[in-house]
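Participant: Have a look; sequence and predicted model below, questions after that.
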Amino acid sequence: MKKKIEKIKKENVKFWTDFKGFIARGSVLDLAVAVVIATAFNAIVNGLVNYIITPFITYMTSGVSIHEWEYVLREEVVSADGVVEVTKISIQYGLWLQTIVDFIIIALSIFVAVRIIRNIQRKLHEEELREKAEKEAKEKAEKEAKEKKEAEEKEAKRIAEENARAQMHEDIGETADLLKEIRDLLKEGK
């Protein structure tokens with residue numbers, strides 16, 4: 001029984017640890033922010049439709065509100081004492097049209113927002129690529145300059161060594177000629 005309780009406690013601790021990790025993940029936080037922003041955005045769109053577009057449509061349709069647009073299938077029957085005997089049945093296409101207008105405005109707004117965000121991301125990405133290309137070009141130029149300098153130094157060293165050998169051979173030749181002259185002079189002087 002004690003082992004079972006310890007096992008349940010461990011599972012409970014693991015559950016809450018996993019839950020904290022899930023909540024702390026960026027995608028969950030991003031989703032929460034998106035829901036809050038979408039709710040606020042929905043209020044803005046509803047305000048646009050209800051306070052600007054709907055009154056404009058009402059004005060254009062001689063004072064008939066879009067909410068009142070309907071096709072009556074069966075009229076309401078009210079008795080003399082004010083009791084509804086038969087309820088009205090109607091197709092309320094005005095409300096349906098308003099829902100469509102809401103959807104179009106929301107879709108258009110989201111499309112524009114996403115397009116702006118993607119353009120910004122594309123420009124940032126292009127800027128990053130340009131900076132990366134410039135950095136790579138600079139590094140390549142520095143590497144080539146370093147390799148060229150090393151090659152020039154190596155060539156200068158080779159030429160200096162070659163000149164030193166040539167000078168040494170010339171000096172040896174001069175020394176040999178001088179020694180021959182000395183030998184010849186010594187032979188003559190005997």
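Facilitator: Good, I have the coordinates.
Participant: how near is the residue most central in space within the chain to Phe111?
Facilitator: Compute the mean C-alpha point of the chain, and by Cα atoms, centre = their mean the closest residue is Gln121, 4.8 Å away. Relative to Phe111, Gln121 is positioned 15 Å away (Cβ to Cβ, to the nearest Å). (Glycine included, C-beta is placed from N, CA and C.)
Participant: what do you get for Glu188?
Facilitator: Distance from Glu188 to Phe111, by Cβ to Cβ: 112 Å.
Participant: give the contact list for the closest residue to Ser65 other than its chain neighbours.
Facilitator: Spatial nearest neighbour of Ser65, excluding adjacent residues (Cβ to Cβ, 6 or more residues apart in numbering): Thr58 at 4.8 Å. Residues near Thr58 by Cβ atoms under 8 Å, 6 or more residues apart in numbering: 64-66.
Participant: For Arg118, give me its contacts.
Facilitator: Per Cβ under 8 Å, 6+ apart, neighbours of Arg118: none.
Participant: where's Gly158 relative to Val84, distance?
Facilitator: If you look again at residue 158, you'll see it is Arg, not Gly. According to Cβ to Cβ, Arg158 and Val84 sit 112 Å apart.
Participant: I meant to write Lys20 there.
Facilitator: 56 Å.
Participant: cool, and Lys10?
Facilitator: Here Lys10 is placed at a distance of 64 Å from Val84 (Cβ to Cβ).
Participant: Likewise for Ala133?
Facilitator: For Ala133 relative to Val84 (Cβ to Cβ), the value is 76 Å.
Participant: between Glu188 and Phe111, who's got more neighbours?
Facilitator: Phe111 (10 against 7; other Cβ atoms under 10 Å).
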